[in-house]
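S.K.: Okay, here's the prediction I keep looking at, along with the sequence it came from:
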Amino acid sequence: MRGSDVGVIPAAAGTGTDRRVASLDGLRGVAVLAVCAFHFGVPGTAGGFLGVDVFYVLSGFLITGLLVREFEGTGTVRLGRFWARRARRLLPALLLVLVAVTLFVRYVALPGTYPGFRGDALAALLYVSNWHQIATATDYFVATGPVSPLTHTWSLAIEEQFYLVWPVVVLAVLRLVRPFRRAVGGLLVLAVVGAVASQAWMLRGSLVGWSTTRLYFGTDTHALSVLVGASLALAPVAVPGWTAWCARAARSARGAVGPAALAAIAVAVAVVDGTSTALFRGGFLVVAVLAAVVLASLVAHPGSRLDRALTVRPLAWLGLVSYGVYLWHLPVRVALTPARVHVAGVALVAVDLAVSVGLAALSYYAVERPVVRGEFWRHRRAGAVAVVAVATVVAALTGAGTASAGGVRPAVVHVRTGSAPPRVVVVLGDSTALTLATALRATAPSGVHLVDGSLAGCGLSISASAVLPRVSWCNQATPPAGQWPAVDARAVAGTGPGDQVVFLAGHWETTQTVFAGGRSANITQAGFRRYELGQLETLERVATAHGAHLDLLTMAPSDGGLPFDLPPGPADSARRRELYDGLLRQLAARHPTQVSVVDFGRVVAPSGRFQLDVDGVQVRAVDGIHTPSFTPGNPIAGDTDDAAMADRFYDWIGPRLWPSIVDPPPTRP
């Protein structure tokens, strides 16, 4: 992800004199292509994120070599100068991206799309994005909502933390230990032990159940790749004959060692993914060592077939601007949706890559390189540009994602009914019921007590599947007391005659459901529909046990592919939704005095198809499934910190839904 030091091999790395190895540019080009392919969703690149580890090995190698070379030549390492060079090289490009992304989130993206953006941006600017994302429980490998355009800055944070700490360690050891070779040997031992310890710590975390986010984003668990690169830079000085041994190894088997290691990394990119347990239990260390073998082969065997292949000019040039490409590629992927550019598939990947490379080149030649060379500040306009850029970031971040003052204003709806409104209204269902309950609570008629009995991640079926993190499961592994019949029974315990129970469900009823033993089924199959109808019968018995009336809300059209720029999935199909709604009507027909059907789906989608907006009001969250809600700290995808948007939705939905709840007709078959 760095361009300035790419390919510059210091003498301390064992080459005798400082020289540029152009093939290292090419290796960076390969690595950044792998990462781009991963984020662009190219088939066969589920492990493309391993390109980051290749970057880490390169950075550890180059930076450590430069530090040791400086100490060998001057007797010290000027830390201030080192950090200033890093800042000049890294900050200008990052500021450009932050300005562009902040303006996009503020003025282009739908309100509420990125509720945590302000924290994301500040964390990226301060190079603590990895720990910020761990703290906010972001999942890099299992996206359950819109992907933040700054998610990828976690890797920059780890690298910058390395740049902050490692030079201090290197300087301390080199000053305290004599002679020079012994000091470098001590650093080598420290780097090797550190890499092994980091992998061991990751292994322990995996065994005790740490999340993949904590394992992958932690500086302590992911320092291993950088330390492997550092070890490679230290070995030529600390180990006599190391350089000659590497040269012989690189030339053995007709120079196949380096290509074989690179091929092994390519295989890993194709066959592993972020949920692969083997990666966290030693796999990352193996990949780092393979990258080190490739790197050592290129340095020790110039002119080899691998060296020539990676020196191809377009690939080497891509490596030169790889830092910018890495910075821009994810924001570009998020911004250029199929709806905006009117292409998809391979064409969309090509557009994303071309725009990312174009922006990276513009950034490199117009800003990054002039700043590093000290040429940028010679022009008066540069100061104005810098001030405007910083001011834009600060001003936009101050307002980005902030809620309107005063929070949500409850819009109390007074509904005329033929009799007194219910004393208690209980909302049951999955996370779609949870987000709707916030609107119903904010707009409840006077005297109505609303109870939210929803259970996120829990459909009617008691299944074996559980694919989303951090939610309550209603599956076969859950004790009966935690499954929805028992939870719902507790929620309605305070109801009585004249009270209402409202039930709303979403994707869990239309998705593919996996049962114990590996059997899977969905609502298009008659057997599954019989099972679902039986579950609805259980719901009716539980909900009306104390005399309350049950309102079944029809399923709203959904678009689960919306946040990922993908077409709607099978669970979003109108046929599956209609089959589910048909079951609701069957239940109401069986129990005409206890059960009614309220056409909630038609309320939020009058056209019968998914609608993000109705009457100029945003009625669906940007995940394409939930309704907007203002519930700070709630992990449900429908949550937003845009209180004004939620307030408008509440004012809109209240008068349209409450009359059907508080004064339902005897039946709506």
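M.R.: Happy to help now that I have it.
S.K.: if I pick Y56, what's in contact with it?
M.R.: 155, 158-159, 222, 225-226, 229, 288 (Cβ atoms under 8 Å, 6 or more residues apart in numbering). Every C-beta, even on glycine, is put in place using the N, C-alpha and C of the backbone.
S.K.: Can you flag which of the residues you listed belong to helices?
M.R.: Judged by DSSP state H, the contacts of Y56 include 155, 158-159, 222, 225-226, 229, 288 as members of helices.
S.K.: Mind picking the one among those residues that's closest to F49?
M.R.: Among the ones in helices among the contacts of Y56, S155 lies closest to F49 (Cβ to Cβ), at 9.0 Å.
S.K.: residue nearest the centroid of this structure?
M.R.: Y140 (3.9 Å; Cα atoms, centre = their mean).
S.K.: Just say helix, strand or coil for that residue.
M.R.: Put simply, Y140 is coil when judged by DSSP: H, G, I helix; E, B strand; the rest coil.
S.K.: Pretty sure it sits against T151.
M.R.: Yes: assessed by Cβ atoms under 8 Å, Y140 is found in contact with T151 at 6.7 Å.
S.K.: tell me, what's touching the two both at once?
M.R.: Q133.
S.K.: one step back: which among the contacts of Y56 end up buried?
M.R.: Burial by neighbour count, 16 or more other Cβ atoms under 10 Å: within the contacts of Y56 this picks out 155, 158-159, 222, 225-226, 229, 288.
S.K.: Same list (those residues) but as CSV, adding distance to A350 and pLDDT.
M.R.: Below are those laid out as CSV (distance: Cβ to Cβ, whole Å; pLDDT from 0 to 100):
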residue, distance to A350, pLDDT
S155, 24, 96
I158, 30, 96
E159, 29, 95
H222, 31, 95
S225, 30, 97
V226, 33, 97
G229, 32, 97
A288, 31, 97
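S.K.: nearest to L330, of these?
M.R.: S155 (10.9 Å).
S.K.: Could I get the contacting residues of the closest one?
M.R.: Counted by Cβ under 8 Å, 6+ apart, S155 has contacts 1, 52, 55-56, 130.
S.K.: Which of those are buried? Put it as a ChimeraX command.
M.R.: Applying 16+ other Cβ under 10 Å to the contacts of S155, the buried members can be selected in ChimeraX as follows:
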select :1,52,55,56,130
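S.K.: So this protein: which segments form each domain?
M.R.: Following automatic domain parsing, the chain resolves into domains at 8-399, 424-662.
S.K.: what's around F180, how many residues?
M.R.: 15 (other Cβ atoms under 10 Å).
S.K.: give me every residue that touches it.
M.R.: 71-72, 174, 237.
S.K.: and those as JSON lines, adding secondary structure?
M.R.: What follows is these, written out as JSON lines (three-state DSSP):
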{"residue": "F71", "secondary structure": "helix"}
{"residue": "E72", "secondary structure": "helix"}
{"residue": "L174", "secondary structure": "helix"}
{"residue": "V237", "secondary structure": "helix"}
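S.K.: which one of those has the most neighbours?
M.R.: V237 (24 neighbours).
S.K.: Excluding sequence neighbours, find me the nearest residue to it.
M.R.: Distances taken as Cβ to Cβ, 6 or more residues apart in numbering put V184 closest to V237, at 4.4 Å, once the chain neighbours are dropped.
S.K.: where in the stretch 151-300 of the chain is pLDDT low?
M.R.: 253 (pLDDT under 70).
S.K.: which residue ranges form the helices in it?
M.R.: Secondary structure of the stretch 151-300 of the chain (DSSP state H, counting those that start in this stretch): helices at 153-176, 180-207, 212-217, 219-222, 224-238, 242-251, 257-271, 277-278, 284-300.
S.K.: Same check on the stretch 451-600 of the chain?
M.R.: 484-491, 526-543, 574-590, 600-604.
S.K.: Would you mind giving those as TSV with mean neighbour count added?
M.R.: Formatted as TSV, the helices of the stretch 451-600 of the chain follow (neighbours: other Cβ atoms under 10 Å):
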stretch	mean neighbour count
helix 484-491	18
helix 526-543	17
helix 574-590	18
helix 600-604	20
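S.K.: Make CSV from the ones you listed and add distance to Y323 and mean pLDDT to it.
M.R.: Shown next, in CSV, are the helices of the stretch 451-600 of the chain (distance: least, Cβ to Cβ, whole Å; pLDDT from 0 to 100):
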stretch, distance to Y323, mean pLDDT
helix 484-491, 50, 90
helix 526-543, 51, 91
helix 574-590, 46, 92
helix 600-604, 44, 92
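S.K.: could you redo the ones you listed as JSON lines and give each row distance to T213?
M.R.: Below are those laid out as JSON lines (distance: least, Cβ to Cβ, whole Å):
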{"stretch": "helix 484-491", "distance to T213": "28"}
{"stretch": "helix 526-543", "distance to T213": "33"}
{"stretch": "helix 574-590", "distance to T213": "32"}
{"stretch": "helix 600-604", "distance to T213": "33"}
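S.K.: which one of those lies closest to L362?
M.R.: helix 600-604 (42.8 Å).
S.K.: Not counting its own residues, what contacts the closest one?
M.R.: Contacts of helix 600-604 (Cβ under 8 Å, 6+ apart): 504, 553-557, 577, 581, 608, 611, 614, 619-620, 627, 653, 656-657.
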